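Visitor: only geometry, no sequence info:
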């Protein structure tokens, strides 16, 4: 599975891959099949983006200067990095979001959905 998604999963940054525990999976995403099979086995792989302090410092500089070219390096992860930054610095959260919005409004980089 990882080989199949290598191109999109292994971009700039670090990731943690894990098997989602059955109990959590069944709570969040229950499954009902009629008629009920004798056994049901589901395996979900989770992915967690990990951002180093150096990455968040780089993003702070990018946002403060609205450096669109540098922002492109982070491809589809600016919002994820921004969430880490806002969790670490709640008083600065509003400014981080405004800076990212201003950078997107420049029209060169669009938010990834």
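Guide: Yep, that arrived. None of these values were measured; they are calculated from a predicted model. Residues are numbered from 1 along each chain as shown.

Visitor: how is this structure carved up into domains?
Guide: 1-50, 51-113 (automatic domain parsing).

Visitor: just those: most buried one?
Guide: domain 51-113 (a mean of 15; mean count of other Cβ atoms under 10 Å). From N, CA and C alone the C-beta is placed, and that goes for glycine too.

Visitor: who are the neighbours in contact with residue 21?
Guide: Listed by Cβ atoms under 8 Å, 6 or more residues apart in numbering, the contact set of residue 21 is empty.

Visitor: Does the residue sitting nearest the centre point of the chain belong to a helix, a strand or coil?
Guide: With distances taken as Cα atoms, centre = their mean, the residue of the chain nearest its centroid is residue 80 (4.2 Å). Secondary structure, DSSP: H, G, I helix; E, B strand; the rest coil: residue 80 is helix.

Visitor: Tell me the predicted confidence for it.
Guide: Looking at residue 80, its pLDDT is 84.

Visitor: The domains of the chain: lowest mean pLDDT?
Guide: domain 51-113 (a mean of 79).

Visitor: For it, what is the distance to the chain centroid?
Guide: Distance of domain 51-113 from the chain centroid (Cα atoms, centre = their mean, to the nearest Å) equals 12 Å.

Visitor: Quick check: the gap between residue 45 and residue 6.
Guide: Between residue 45 and residue 6 the distance, using Cβ to Cβ, to the nearest Å, works out to 13 Å.

Visitor: What of residue 18?
Guide: 17 Å.

Visitor: Residue 80 against residue 48, yeah?
Guide: No: the criterion here is Cβ atoms under 8 Å, and residue 80 misses it with residue 48 at 9.8 Å.

Visitor: can you tell me which residues contact the residue nearest to the centre of the chain?
Guide: Applying Cβ under 8 Å, 6+ apart, the residues contacting residue 80 are 49, 51.

Visitor: Also the one 4 residues further on?
Guide: Contact partners of residue 84, counting by Cβ under 8 Å, 6+ apart, are 51, 56.

Visitor: where's it, which helix or strand?
Guide: Taking DSSP states H and E as the criterion, residue 84 maps to helix 78-88.

Visitor: same check, this time on residue 99
Guide: Applying DSSP H and E as the criterion places residue 99 in helix 93-105.

Visitor: Thanks a lot, catch you later.
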